[in-house]
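Visitor: dropping the sequence and predicted coords here.
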Amino acid sequence: MSKRNQITKYIKFYEVTIASTIVILMVILSAYFFLLPNLWHATFIYDQQKHVTEKLTVVRQKDSQLSNLDVDVYKNALLQLGKVLPESRDYVSFFTTFDSLEKSTGVQITKTDFQLGLLSTQSGRLSKPLNAPAYIIPITMEVAGTQQSLPLFFSQLQGLTGRLINILGVRWNIKQDEEEMHVVINGEAYFYPLPSQLGGVDVPLPKLTKQQEEFLITASELRSEDRTQDDDFSTIEVGIKSLF
Amino acid sequence: MAKRSVNLIISKRDFSETAEKLKRITTITAGISIVLFLLLFALSVWYVRTNTDKFTQMKQELDQVEKKVAAKKQAEGLYVLTSQRLSVLEKLLAQTSPYDGLIGNIAGLSTEGISITSVTADSRGNLSISILASSSASLDAFITSLLYAEQEKRLSKIFAQGILRHEEGDYSLTLLFHGEKNLYQ
């Protein structure tokens, strides 16, 4: 038998096996060149879709929240909160707070001492103590008042009407012949700088807690009251406008 | 050395059996792989086509909503700033202790013949009061009233520092104690 005949016979004998092997190889090659890229593409689309869906949910929710936002309430509240917790040391607001407290409570502030520290804002901002929610200004004040007026003074000092002053300790002396009490108050006031930038469009809005919502309404109402009082003052006749 | 014989001819039957096995395995594998390939390819093409359109639509919608949100940047700023301030304020107010009732409650502790001369209190409840008692009996009555207040859980850990007897017959004394929340409110 010639060698050629032998090969032909061999191929004939294995033709199905060889054909099947060729098909398997073709499938492997096709899978590598066509199926795998398609699968990668499908996976990419799936991931992107998931990402876009999540983003869309957040942005839709944000859009709806912002559409329903009562801008006036927030504007009023932010202005009032700026008085309670200013963005800088703002020593002037101490005096306005003390003036208004004296008027509203009848207590007389005889001495104040607040340690403003570094007034250069940039370097001053770096001194925020760890774990403290805001920057602290230690304050000592002496006030004179009666047993009736002082409690009101204490509660307003720690309220949202003016600059917030947290009372850390009090000391008072009582003289037999005097109705007025002299109280020395040790406390701390705070300031908190505004953030330099807002989050991205897809960053969800922070949710307010129940207590924060209560503060928001109180602050907004207090601001509205202040404004009404200002409006009342503006309508008061101040006499002859021209002296001549 | 003894001669050994080895049979080098492979039996025809064994060889054809292996070939048949190989033939069957390759045929089945080829069939399965081609079916699988076609199925997966069809599925992937279908998935990519349907979802590409959907994805494009979603992307367009996202762009639109993002533009809407960007237009409300001012309101967003207002909300974010307010909420941040409120969050800080919530923490600060949680640190405060009320002092509204302290003066009245301390005055209420006083009994006949006792004058409270000075009081020191801090927000952790540490209190110190200095008193002037006109007699030992009034001093005793005052201590009894403090113990009664302790029973009512308005104060605790009463500690008396040295009693001083003056020439006039009155007594001065400084007391340290821990005031409970209801003493401050």
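Guide: That came through fine. As the structure is a computational prediction, the values presented were derived from the model and not from experiment. Numbers count the residues shown, from 1 in each chain, chains lettered A, B, ... in the order given.
Visitor: domain parsing for chain A?
Guide: Domain assignment for chain A by automatic domain parsing gives A:1-69, A:73-193.
Visitor: what does chain B give?
Guide: Here the domain parsing of chain B from automatic domain parsing is B:13-96, B:102-184.
Visitor: how about the helices in chain B?
Guide: Using DSSP state H, the helices found in chain B span residues B:12-71, B:73-95, B:102-109, B:136-151, B:181-184.
Visitor: in chain A, which segments are predicted with low confidence?
Guide: Counting by pLDDT under 70, chain A has low-confidence residues at A:1, A:116-128, A:227-244.
Visitor: okay, which residue is most central for it?
Guide: Among the residues of chain A, the one closest to the centroid is A:Pro206, at 7.3 Å (CA atoms, centre = their mean).
Visitor: for it, which non-adjacent residue is closest in space?
Guide: Take A:Pro206 and drop its neighbours on the chain: the residue closest to it by CB to CB, 6 or more residues apart in numbering or on different chains is B:Ser83, 4.7 Å away. Quick note: C-beta positions are derived from backbone N, CA and C, even for glycine.
Visitor: isn't that neighbour up against A:Gln212?
Guide: Yes. Using CB atoms under 8 Å, B:Ser83 is in contact with A:Gln212, at 7.0 Å.
Visitor: re earlier: can I get the domains of chain A in CSV including distance to B:His178 and mean neighbour count?
Guide: Compiled in CSV, those are given as follows (distance: least, CB to CB, whole Å; neighbours: other CB atoms under 10 Å in any protein chain shown):
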stretch, distance to B:His178, mean neighbour count
domain A:1-69, 47, 14
domain A:73-193, 14, 17
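Visitor: you'd agree B:Ser118 is up against A:Asn173?
Guide: Yes. Under the criterion of CB under 8 Å, B:Ser118 makes contact with A:Asn173 at 4.5 Å.
Visitor: for B:Leu164, find the nearest of the helices of chain B.
Guide: B:Leu164 lies closest, by CB to CB, to one member of the helices of chain B: helix B:136-151, at 11.2 Å.
Visitor: so what touches the closest one?
Guide: With CB atoms under 8 Å, 6 or more residues apart in numbering or on different chains as the test, helix B:136-151 has contacts from B:109-114, B:131, B:133, B:155-156, B:158, B:160, B:163, B:171, B:173, B:175, B:177.
Visitor: how about that helix: buried residues?
Guide: Using 16 or more other CB atoms under 10 Å in any protein chain shown as the test for burial, helix B:136-151 gives B:Ser138, B:Leu139, B:Ala141, B:Phe142, B:Ile143, B:Leu146, B:Ala149, B:Glu150.
Visitor: and which of these is nearest to B:Leu78?
Guide: In terms of CB to CB, no member of the buried residues of helix B:136-151 lies closer to B:Leu78 than B:Ala149, at 49.4 Å.
Visitor: how much space separates that closest one from B:Leu109?
Guide: To B:Leu109, B:Ala149 is 6 Å away according to CB to CB, to the nearest Å.
Visitor: turn the domains of chain A into a markdown table, including distance to chain B.
Guide: As requested, the domains of chain A are exported to a markdown table (distance: least, CB to the nearest CB, whole Å):
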| stretch | distance to chain B |
| --- | --- |
| domain A:1-69 | 4 |
| domain A:73-193 | 4 |
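Visitor: turn those into TSV, including distance to B:Gly125.
Guide: What follows is the domains of chain A, written out as TSV (distance: least, CB to CB, whole Å):
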stretch	distance to B:Gly125
domain A:1-69	42
domain A:73-193	11
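Visitor: between those domains, which one is closest to B:Val45.
Guide: Nearest of the domains of chain A (CB to CB): domain A:1-69, 6.4 Å.
Visitor: how far off centre is the closest one?
Guide: 48 Å (CA atoms, centre = their mean, to the nearest Å).
Visitor: need the three-state assignment for A:Val170.
Guide: Following DSSP: H, G, I helix; E, B strand; the rest coil, we place A:Val170 in the strand state.
Visitor: contact partners for it?
Guide: Going by CB under 8 Å, 6+ apart, A:Val170 touches A:Phe154, A:Val183, A:Val184, A:Ile185, A:Asn186, B:Tyr99, B:Leu102, B:Val119, B:Thr120, B:Ala121, B:Asp122.
Visitor: which of those residues sits closest to A:Asn5?
Guide: Nearest to A:Asn5 among the contacts of A:Val170, counting by CB to CB, is B:Asp122 at 112.9 Å.
Visitor: what does stretch A:30-38 rub up against?
Guide: By CB under 8 Å, 6+ apart, the surrounding residues in contact with stretch A:30-38 are B:Phe37, B:Leu40, B:Phe41, B:Ser44, B:Val45, B:Val48.
Visitor: one more pass at 6 Å, please.
Guide: B:Phe37, B:Leu40, B:Phe41, B:Ser44 (CB atoms under 6 Å, 6 or more residues apart in numbering or on different chains).
Visitor: now stretch A:14-26
Guide: Stretch A:14-26 is contacted from outside by B:Leu22, B:Lys23, B:Thr26, B:Thr27, B:Thr29, B:Ala30, B:Ser33, using CB under 6 Å, 6+ apart.
Visitor: what's the burial count for the fourth one?
Guide: Here the count is done by other CB atoms under 10 Å in any protein chain shown, and B:Thr27 has 17 residues near it.
Visitor: where's the closest residue to it other than its chain neighbours, which helix or strand?
Guide: Excluding the flanking residues, the one nearest B:Thr27 by CB to CB, 6+ apart is A:Ser20, at 4.9 Å. Per DSSP states H and E, A:Ser20 falls inside helix A:3-30.
Visitor: tell me the angle that helix makes with helix B:12-71.
Guide: Here the directions of helix A:3-30 and helix B:12-71 differ by 20 degrees (axes from the mean of the first three to the mean of the last three CA atoms, to 10 degrees).
Visitor: B:Leu81 and A:Leu85, how far apart?
Guide: 11 Å.
Visitor: ditto for B:Asn51
Guide: 50 Å.
Visitor: for B:Gly125, give me phi and psi.
Guide: Here is the backbone geometry of B:Gly125 (degrees, to the nearest 10): phi 100, psi 0.
Visitor: ok, it touching B:His178?
Guide: Yes. B:Gly125 lies in contact with B:His178 (CB atoms under 6 Å); the separation is 4.9 Å.
Visitor: how far away from the center of its chain is stretch A:194-213?
Guide: Per CA atoms, centre = their mean, the centroid offset for stretch A:194-213 relative to its chain is 5 Å.
Visitor: who touches that stretch?
Guide: Stretch A:194-213 has contacts (CB under 6 Å, 6+ apart) with A:55, A:58-59, A:62, A:65, A:87, B:66, B:69-70, B:77, B:79-80, B:83, B:86, B:90.
Visitor: in chain B, which helix or strand is least confident?
Guide: Across the helices and strands of chain B, the lowest-confidence element by mean pLDDT, DSSP states H and E is helix B:181-184, at a mean of 84.
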